[in-house]
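A.B. asks: Pasted the sequence and its predicted model underneath.
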Amino acid sequence: MKLTQEQYDRIADAFPTQRGNVSLDHLTVMNAILYALENGCKWRALPAEFGNWHTIYTRMSRWAKAGVLNRIFVRLQEEAMLYVRIDAMSLDSTSVRVHPDACGALKKTARKPSGGHGADELQRYIWLPQLLVRQ
């Protein structure tokens, strides 16, 4: 998946105008995004031919938030230059571990020397009664 200059010229109006001191043109950034999508690589693993990975990531992030990427991919499909297949992926806690702080775990407090449980402490267990079924 790589756009040529002729293909880019056909969809150039879908891109925002470049302002200021820009080191990478839209075609290079778009080809870098397509490379990352096709190969599933990390942004830091982009080949040096595309330029600074952080510049590409920042521009891609801005385009995604502004709706520019959606507009570009719609135009790419309308012009029959690119066909995108979307696969769904689901992650849950059995495949990705989360740090306890991210789950809202209670922070450790000073330990009490007696170790006794006072009435004002937080409950540290959940009581689930089980019904016994007689046959």
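C.D. replies: Yep, that arrived. Residues are numbered from 1 along each chain as shown.
A.B. asks: Look at V98 and report its pLDDT.
C.D. replies: Listed pLDDT for V98 reads 66.
A.B. asks: Make residue 1 into 651 and carry on from there
C.D. replies: Right, with 651 as the first residue, what we last looked at is V748.
A.B. asks: where along the protein do the helices fall?
C.D. replies: 655-661, 676-689, 703-716, 718-728 (DSSP state H).
A.B. asks: Number of residues surrounding the residue lying closest to A716 once chain neighbours are set aside?
C.D. replies: Spatial nearest neighbour of A716, chain neighbours left out: P666 (7.5 Å); criterion: CB to CB, 6 or more residues apart in numbering. All C-beta atoms are positioned from the backbone trio N, CA, C, and that covers glycine. Using other CB atoms under 10 Å, P666 has 12 neighbouring residues.
A.B. asks: Read off the pLDDT value for L741.
C.D. replies: pLDDT recorded at L741 is 59.
A.B. asks: Oops, could you answer that again for I736 instead?
C.D. replies: 55.
A.B. asks: go on, A682?
C.D. replies: At A682, pLDDT is 93.
A.B. asks: That one and L696 touch, don't they?
C.D. replies: Yes: A682 lies in contact with L696 (CB atoms under 8 Å); the separation is 5.7 Å.
A.B. asks: how near is L674 to E728?
C.D. replies: Distance from L674 to E728, counting by CB to CB, to the nearest Å: 25 Å.
A.B. asks: Fine by me, thanks again.
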